[in-house]
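Enquirer: One predicted model, sequence on top.
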Amino acid sequence: MHNTLLIAKKDLKGLFNERTLVLTILLQLAIASFSSFLVVGLTSFYDPGALADEDLAGINIGLAYRSEVTLNNSTIRDEKNVNETLLYHLIDESKLSPVSYPDYSGAGSGFYEGEIDGIVLVPNVAINGSDLIELHIYLPETDFKSTILMLQLKEPLERLERYVREIRTKRLPNYTPIDLNILNLPERSSNHYFEFIYVALIPLLVFTPAFISGGLVIDLITEEFERKTIDLILVTPTTFSELINGKILVATMIVPVQAFTWLLLLSLNGIDIQHILVITLFVTVVTFILVLIGAAISIKTKNRGMAQLFYSLFLITLFLLCYVFPNSPMNVVTRLAIDSISGTGIALSVIPYLLIASLVYAAFRYLTLTQYRSRYRSGYRR
Amino acid sequence: MMVGALTIAKWELMRSRLDLNRRSLALICGFVILIAIISSQASHSAISSDIYTVALDRTDCTDCADRIDLAEILDCDDRFNVILLDQGVARSKAADPDSGFDLLILDDEVYASDSEKSVAAADALENLMKQYREITLSTYSDLNNSFPVWITIHYLPRSESFRMPTVRQRQDAGDEVNAGAGAPGSSDTMNAGADGNLVYGAHESEVEAIVRELERSGIEEPAESSGDSQTLPADMQEYRKLVKNNFFEKQAIATPSNIEPPIPFTSVIFAFVFMFPMYFVAQFYSASIMNERTNRNGEFLLVSPLKKHEIVAGKTIPYLLITLVLMLGLAAYLKIALGEVSPHKVIEDSATILAIMFPVVMLFLSFSFISSILARSFKELTFVTVFFSTIVSGYLFFPAMFAHIHAIALISPMTLVVNILSGDVVQLNEYLFSTVPFYCVSITTFGFGTMIFREEDLFTQKSIKNKIMDCMDLFLRGRSYIFLLTLILIPFAYMAELMLIVLLFNIPLPYSIIAMIGLAALVEEALKSIGVYALLRRGFTSPIAMALLAGAGFFVGEKLMMFFSVAAIAESAFGAVISMGSLLLYPLLLHVICVAIVAIGLRYRGYATCLLIATAVHSAYNIFLLRGLIFA
């Protein structure tokens, strides 16, 4: 035991001396800011509401009409009444401001001069008729605005579609729409990144140290083999099993510290995370499994390149398995953080991993340490 | 000369084949197959399963047909954990906000609490219901009544008001005037200036073009309009074909509910696909270099009658070739998988993709090379390589996400790959714009690495700082080399600053600009003064002369880079800005002064302190320039 701690202390000191730990933390920071770039970038695309209103202030949409527009079966031929049409109203209610043009050339020069940033051609089709209503939308090419504009237009267009469908789907046989009415919903101040934060960001941040530790233990072990320092260590009273245990200990124990710090930082950032201690414990258990796998691979190959390759392949496989089975480590962390399991649910999802960890450790000891010791005593074999 | 390199390359290949015996090769193949099988089974929902709890009332009435429907629909989405309650229980829970459910559905009414989670659950429910509606409606064969509204999106060229008048536009306008379309004096305020009437001519013709375009699709029947490949579906069968269509193309026609913003998620996926082989090969490469260093194994290479650069080239070529072959295979496979039939086109496009990926592979390998020389231990090597791969992947991914949307996406070569995969053509200037920094940085990195590929640096436990200083000492053969050094370090500054933009993206606006200014200044100052620092350590004197050289070198490099990149991407008459007197003189002065601060300061204080002072001065200047933006 004493020797194990000695080895652990030596390797931990090495970590601090080489500032590897600093690099690890920098790496995690980079991943975190990448993911937030990803999330802010993507959700502002998907959810136009996520964009600040001032971003939209300068965007107008032009509506150019054909000679006549039909609404509710009453044909409006008068140009002045064009503003009364349904689509104009729907767009007006959204964040865009519509401008109507009686002819194409007005719309065209308005578009060119930047008064409007898009043109919608509204066709002459009756809503309760049976022809398709085909809208043509013109957007500026290679311009960021066209993306925002299209997203803003999606909602009024969907409302138009719903309106038309309400009239037309009655003609479909046996079609009964299910309308759900969501009550007592507060003002739409919902966090647009909610699912991303809990489903992807938190598990990823919490498990990154665990992934790194698996690679770290490989470096610690294979380095002893490749530099042949293992022979020197083994002539001291330290046994092979103590040496490996020491390295496993270092690689595992730095993870809960990092994971806990991440969770704390996220909480300080206003993200509500439940069961912080349970998550930290759970991450430690998963780390232990990964570190054991890394150690087993590196004892088997004794070569850093090969060991890292197999560990990466193994990690990718495990990571993908999270997407196949429910109750994967990622999912457990998500549900713990979001408070979707409690009491016995927690025990039911965490205890299997404790069992797996102890099984893997037993197998590891049996396969590598006990077998290996006798073989190693008979001389160095590469 | 190349013979030596080829011999080394041959040895390297033989050696690494010994590493990979048959059993490990079989294992690797097994893993790859396993990964392929699993990824075909993977679904996003498994990872987010059971995050929302929804309670439904169990209605035991006669008209419960659609009630059961609802439970079944909710079961399709793994995010919902559905609990059926008796009606009486459900009613009593409805009034209670702390019922433990995120949503409670009674008849047609959904009760949500005001927690964030509950709101998110309601959002998810709304989306699910929308999906259900679309699927149900698509089972009817009556298109005109189930999908009545269709949208066709067209893109029109328009010159932006904030953009400078482009060179090409001016030429066009000039032609028009020569042809006799003598436009009267302009009232155009947008392009006010001496050549106002020229721009006016362009304006007329462009508006006409837009109107013609509008009329074309407005008057003609959509089926006849020849320009677009996609037309309205005539019946349900065509509708299904349309919905399934290639997700790569810019969506041109859709119903309002199905319309998707033009986000190429696909480009992120392709970036991943191309990164994987690079990452693994780079691992092997750095392991091989590191192997020469452990236990002085590389001693024999160094004593052989070969030049250093031959050894390095020989060690690199096999890995470079393997990666390029893998890339070529991937590119051809993707192109065929995306439905390209003509073999000629497949070969041509794969070759183009290879040309685009070549500098990226070079950069990856050069970073692995330098880090395996700098690292003192295996763990340090792992972290340094992983760190660099993360940074480079970020550089490749994020701009590529905006492919098809914004010109800025061209920073990343991945954008060009996505463009080619989706059938576009890549212009030479676009290629140069996105790959030249990669070429510059990788060649420079290989150069520095080769310089310290010698006993003193390979087999000793020198600190990273000392090894970098060795690079500088070997490069700086005289004082005037400082000019060259700062010039070739420019692409490093360029790429580092682009990465900073991504890293600082999530900080709120005024702070992110200030942080960006500070960090960018720090990067620039460090790169500028590193040569001066190395020379002063060696006992060179006259700091002012060195500062002049370093500042001038950086200034020239910066302007070249600006001219090159901006000219390539916007075709704009950028010369006008560069030759503006005030902008020419002050930056030069600033660069020189900042280096001088470090050079003179080193007599009294440490390098870090001097660097910080120079950074502060540089930031202050930049903040002064951008004061309108920050304090607005």
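Expert: Sure thing, it's come through.

Enquirer: And for residue 311, the neighbour number?
Expert: With no chain named, the answer covers chain A. A:Y311 has 22 neighbours, counted by other Cβ atoms under 10 Å in any protein chain shown. Any C-beta I mention is one placed from the backbone N, CA and C, and that applies to glycine too.

Enquirer: if you could check chain B rather than the one you did, that'd help
Expert: By other Cβ under 10 Å, 20 other residues sit near B:I311.

Enquirer: That one against B:L301, yeah?
Expert: Yes: if you go by Cβ atoms under 8 Å, B:I311 and B:L301 touch, sitting 5.4 Å apart.

Enquirer: what is in contact with those two at once?
Expert: The contact sets of B:I311 and B:L301 overlap at B:I8 (Cβ atoms under 8 Å, 6 or more residues apart in numbering or on different chains).

Enquirer: Contacts only, for B:L396.
Expert: Taking Cβ under 8 Å, 6+ apart, one finds B:A271, B:M275, B:V360, B:S412, B:P413, B:M414 in contact with B:L396.

Enquirer: Now the residue of the stretch 251-382 of chain A found nearest chain B: which helix or strand?
Expert: Relative to chain B, the nearest point of the stretch 251-382 of chain A is A:G305 (3.2 Å; Cβ to the nearest Cβ). According to DSSP states H and E, A:G305 maps onto helix A:304-321.

Enquirer: what's in contact with the helix or strand hosting A:G345?
Expert: Taking DSSP H and E as the criterion, A:G345 maps to helix A:344-364. Residues outside helix A:344-364 that contact it (Cβ under 8 Å, 6+ apart): A:275, A:278, A:281-282, A:285-286, A:288-289, A:292-293, A:295-296, A:327, A:329, A:332, A:335-336, A:341.

Enquirer: if we go to 6 Å?
Expert: A:F282, A:V285, A:F288, A:I289, A:L292, A:A296, A:N327, A:V332 (Cβ atoms under 6 Å, 6 or more residues apart in numbering or on different chains).

Enquirer: May I see those residues arranged in CSV, with pLDDT as well?
Expert: As requested, the contacts of helix A:344-364 are exported to CSV (pLDDT from 0 to 100):
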residue, pLDDT
A:F282, 94
A:V285, 95
A:F288, 95
A:I289, 95
A:L292, 95
A:A296, 92
A:N327, 82
A:V332, 90
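
Enquirer: what would these look like in CSV with distance to chain B?
Expert: Listed next are those as CSV, based on distance: Cβ to the nearest Cβ, whole Å:
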residue, distance to chain B
A:F282, 16
A:V285, 19
A:F288, 19
A:I289, 18
A:L292, 18
A:A296, 14
A:N327, 8
A:V332, 10
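
Enquirer: Rebuild these as a markdown table, extending it with neighbour count, distance to B:V384 and secondary structure.
Expert: Output for the contacts of helix A:344-364, formatted as a markdown table (neighbours: other Cβ atoms under 10 Å in any protein chain shown; distance: Cβ to Cβ, whole Å; DSSP: H, G, I helix; E, B strand; the rest coil):
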| residue | neighbour count | distance to B:V384 | secondary structure |
| --- | --- | --- | --- |
| A:F282 | 23 | 30 | helix |
| A:V285 | 19 | 29 | helix |
| A:F288 | 25 | 26 | helix |
| A:I289 | 22 | 26 | helix |
| A:L292 | 23 | 25 | helix |
| A:A296 | 22 | 25 | helix |
| A:N327 | 16 | 36 | coil |
| A:V332 | 25 | 32 | helix |
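
Enquirer: what are the ranges of the strands in chain A?
Expert: Assigned by DSSP state E, the strands in chain A fall at A:60-65, A:69-71, A:74-76, A:97-101, A:119-122, A:133-140, A:181-183.

Enquirer: Compare the mean pLDDT across those strands and name the weakest.
Expert: Mean pLDDT is lowest for strand A:69-71 out of the strands of chain A, coming in at a mean of 38.

Enquirer: Quick check: end-to-end length of stretch B:15-26?
Expert: 18 Å (Cα to Cα, to the nearest Å).

Enquirer: What of stretch B:104-114?
Expert: This stretch, stretch B:104-114, spans 13 Å end to end (Cα to Cα).

Enquirer: Tell me which residues touch the nearest residue to A:N303 once chain neighbours are set aside, please.
Expert: In this structure, A:N303 finds its nearest non-sequential neighbour in A:T222, 6.4 Å apart by Cβ to Cβ, 6 or more residues apart in numbering or on different chains. Taking Cβ under 6 Å, 6+ apart, we find A:T222 in contact with A:S298, A:R304, A:A307.

Enquirer: at 7 Å instead, please
Expert: Each residue near A:T222 by Cβ atoms under 7 Å, 6 or more residues apart in numbering or on different chains is listed here: A:S298, A:K302, A:N303, A:R304, A:A307, B:F378.

Enquirer: Just the buried ones from the residues you listed?
Expert: Among the contacts of A:T222, those buried by neighbour count (16 or more other Cβ atoms under 10 Å in any protein chain shown) are A:S298, A:K302, A:N303, A:R304, A:A307, B:F378.
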